[in-house]
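What follows is a protein structure lacking sequence information:
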């Protein structure tokens, strides 16, 4: 196995590529959700390029780990990752949100690599739980990863799932909360406070790991730790920055659901170029 | 009509049969397994039975996760909670993905009885029928429940099957259930009674009342609400002057509307709907409620006479 630093270097480069693709595809689409896509880049990149076993040439490979994007609006990030991994031709990225596109405004199963549709918030953790229980029934050692938004976990369905996953000791399930602290209407603490968030998950019986959601090495170590936890599910509270990587998008609520203009796209891509 | 049986008993036993036949079948319930009879399956296959507690939304979306991994999932709770409570999950997590999930909901309609309006699903068929691609079945008795459940098992994709709480009389002289097909139980003339669920038995009683007065309606059992049997409806619409459609459901959005839609677009004749009006139910015995809300044989007979007048 490559040392962690080497992996991290590779994944950082990959993450920057994903960011560029997100900006480009949203710019072409002229609508979509940059903020929460950019905050999830390192998380999804680590999963697909290091943590999960999967086969882009055989999306239905039975022994694959599962990923479910419960915060479906961050699909530009997932699409960029899937394309980069080889699930489909990158040309599709620039048909995002267009009529008859392989890439819908929120994920669905027409896209190679998408397991289950999402978009209506709050249902994904339940879906991931169903996957993990089904895999356990089949005596599979596959793992299930579910990325949730922070605003999303205001949905009651999430906590029904949290209770059930703990009840069923779904230790092959790893949730991730993209805690960028913003939702469409503003700061989570102002709209509907989530704190004390760690206590909430712990009291529901989950193993909780807090992590800097943009630090690749810390993310990898958190995912490795999650694999070792038995008898209970694990959740990563990933502290992230909405709009991460683009100076004028960071912490700016307006970019939750607005695509960059042509000028903004130019500046954003220049900033990302400078990182390489 | 012969013996009275609980359709849910039959459902529970059928699940056990399927469980023995197919190790890929899993069953989920939301703390009503004693009532829905999924407990029969749970007792024999505890490792494939998942009680999700009082959390229907979670149950439906969890079912979607199971199905995404290739399981054939039966999900049960009361009709009220399967439809209204978890509608978004049924639409977006189950049906939009076209997953192999069979929602078998018990305690549909007024005959829930004493529990009252909060538990009497009178809109579930309307909700479910409007979801693209979701097939909707309301069996008329125990044997048909078994046939419908087996048909849904064999057919890939999502289903909503609604059964009742109370014992139902077994209807004789009807054909074996075929998905998407209605069946003529009694040939007649002038008018056709098109019915689902317990209203088939009620209509049979109405038939004997009407025959005494020299009126001989067709009697049609229409267990599949979607896809509706357009062929049979169009065919019959040229043989009679009017339809009377009877269901244990609101007249808004259910079988009555499904029939009227076909008739209006193809061969307009009068369609009278017998069901609950735009009202909620209340507590009472099933018999009292059916009488109060106009779902008795007399009400059907009355509707027939009015429409023929």
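Received, thanks. Every value quoted in this text rests on a predicted model; they were computed, and no experiment measured them.

So which residues of chain A form strands?
With DSSP state E as the criterion, chain A has strands at A:66-69, A:144-149, A:173-179, A:182-183, A:186-187, A:207-212, A:234-239.

Using JSON lines, lay out those together with mean pLDDT, distance to residue A:8 and mean neighbour count.
The way it works is simple: take the backbone N, C-alpha and C, and place the C-beta from them, glycine included. Formatted as JSON lines, these follow (pLDDT from 0 to 100; distance: least, Cβ to Cβ, whole Å; neighbours: other Cβ atoms under 10 Å in any protein chain shown):
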{"stretch": "strand A:66-69", "mean pLDDT": "98", "distance to residue A:8": "20", "mean neighbour count": "27"}
{"stretch": "strand A:144-149", "mean pLDDT": "98", "distance to residue A:8": "19", "mean neighbour count": "28"}
{"stretch": "strand A:173-179", "mean pLDDT": "98", "distance to residue A:8": "18", "mean neighbour count": "29"}
{"stretch": "strand A:182-183", "mean pLDDT": "96", "distance to residue A:8": "27", "mean neighbour count": "25"}
{"stretch": "strand A:186-187", "mean pLDDT": "96", "distance to residue A:8": "31", "mean neighbour count": "14"}
{"stretch": "strand A:207-212", "mean pLDDT": "98", "distance to residue A:8": "13", "mean neighbour count": "19"}
{"stretch": "strand A:234-239", "mean pLDDT": "98", "distance to residue A:8": "16", "mean neighbour count": "25"}
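
Dump these into a markdown table; add distance to residue A:27 as well.
As requested, those are exported to a markdown table (distance: least, Cβ to Cβ, whole Å):
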| stretch | distance to residue A:27 |
| --- | --- |
| strand A:66-69 | 21 |
| strand A:144-149 | 22 |
| strand A:173-179 | 22 |
| strand A:182-183 | 21 |
| strand A:186-187 | 25 |
| strand A:207-212 | 28 |
| strand A:234-239 | 26 |
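
between these, which gets nearest to residue B:151?
Smallest distance to residue B:151 across these (Cβ to Cβ): 30.4 Å, for strand A:66-69.

The closest one pairs with which strands, and in what direction?
According to DSSP bridges, strand A:66-69 has the following sheet partners: strand A:144-149 (parallel).

quick check: angle from the strand it pairs with to strand A:234-239?
Strand A:144-149 runs at 30 degrees relative to strand A:234-239, counting by axes from the mean of the first three to the mean of the last three Cα atoms, to 10 degrees.

The strands of chain A: which one's closest to residue A:85?
For the strands of chain A, distance to residue A:85 was read as Cβ to Cβ. The smallest value, 11.0 Å, belongs to strand A:66-69.

any idea of the pLDDT on the residue of the stretch 151-276 of chain A found nearest chain B?
Per Cβ to the nearest Cβ, the residue of the stretch 151-276 of chain A with the smallest distance to chain B is residue A:160, at 3.5 Å. Residue A:160 carries a pLDDT value of 98.

can you check residue A:4 too?
Checking the pLDDT column for residue A:4, the value is 89.

outside of stretch B:267-279, which residues touch it?
The list of residues contacting stretch B:267-279 from outside it, by Cβ atoms under 8 Å, 6 or more residues apart in numbering or on different chains, reads B:110, B:122, B:199, B:234, B:237-238, B:240-252, B:254, B:256-257, B:259-260, B:263, B:293-295, B:299-300, B:303-304, B:306-307.

give the contact list for residue A:25.
When contacts are counted by Cβ under 8 Å, 6+ apart, residue A:25 touches A:32, A:76, A:79-80, A:93-94, A:96.

Out of the residues you listed, which is nearest to residue B:39?
Looking across the contacts of residue A:25 and measuring by Cβ to Cβ, the closest to residue B:39 is residue A:79, at 43.8 Å.

can you pull the contacts of the closest one?
For residue A:79, the residues meeting the contact criterion (Cβ under 8 Å, 6+ apart) are A:25, A:92-93, A:96, A:103, A:111.

Just the buried ones out of those residues, please.
A:25, A:92-93, A:96, A:103, A:111 (16 or more other Cβ atoms under 10 Å in any protein chain shown).

So how do I select the buried members of the contacts of stretch B:267-279 in PyMOL?
Here is the PyMOL command that selects the buried residues among those (16+ other Cβ under 10 Å):
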select buried, chain B and resi 110+122+199+237+240+242+243+244+245+246+247+248+249+250+251+252+254+256+257+259+260+263+293+294+295+299+300+303+304+307
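
For the chain, just list every one of the helices.
Looking at chain A here, since you left the chain open. Counting by DSSP state H, one finds helices in chain A at the ranges A:4-29, A:34-38, A:41-46, A:75-85, A:124-137, A:156-167, A:188-191, A:197-203, A:216-228, A:262-275.

Switch to chain B, please.
Secondary structure of chain B (DSSP H): helices located at B:7-21, B:33-36, B:39-44, B:56-68, B:79-80, B:87-88, B:124-129, B:142-154, B:199-212, B:230-237, B:255-266, B:286-292, B:297-308.

tell me which residues in the second one are buried?
Just to be clear, that refers to helix B:33-36. When neighbours are counted by 16+ other Cβ under 10 Å, the buried residues of helix B:33-36 are found to be B:33, B:35-36.

Show me which residues of chain B sit near chain A.
In this structure, chain B approaches chain A at residues B:26, B:47-48, B:50, B:52-53, B:55, B:57-71, B:88-89, B:91-93, B:96-98, judged by Cβ under 8 Å from any Cβ of the partner chain.

re earlier: which one among the contacts of residue A:79 gets closest to residue A:244?
Compare each of those with residue A:244 using Cβ to Cβ and the shortest gap goes to residue A:25, at 16.7 Å.

Against residue B:125, how distant is the closest one?
Note on residue A:25: its distance to residue B:125, by Cβ to Cβ, to the nearest Å, is 42 Å.

Over to residue A:82?
Shown here: residue A:82 relative to residue B:125, a distance of 39 Å by Cβ to Cβ.

Neighbour count: the two, which is higher?
In this view residue A:82 and residue B:125 are compared by other Cβ atoms under 10 Å in any protein chain shown, and residue B:125 has more residues nearby, 34 against 27.

Please list all residues in contact with the residue in the stretch 101-250 of chain A positioned nearest to chain B.
Going by Cβ to the nearest Cβ, chain B is nearest to residue A:130 of the stretch 101-250 of chain A, at 2.1 Å. Under the criterion of Cβ under 8 Å, 6+ apart, the contact partners of residue A:130 comprise B:61-69.

Could you check the pLDDT of the closest residue to it other than its chain neighbours?
The spatially closest residue to residue A:130, leaving aside those adjacent along the chain, is residue B:65, at 2.1 Å (Cβ to Cβ, 6 or more residues apart in numbering or on different chains). Confidence at residue B:65, expressed as pLDDT, is 98.

Kindly report the same for residue A:1.
55.

cool, and residue B:1?
In this model, residue B:1 carries a pLDDT of 53.

need the contact list for the residue nearest the centre of chain B.
When Cα atoms, centre = their mean is applied to chain B, the residue found nearest the centroid is residue B:138 (1.8 Å). For residue B:138, the contacting residues are B:108, B:125, B:161-163, B:196-197, B:223, B:225, B:247, B:255, by Cβ under 8 Å, 6+ apart.
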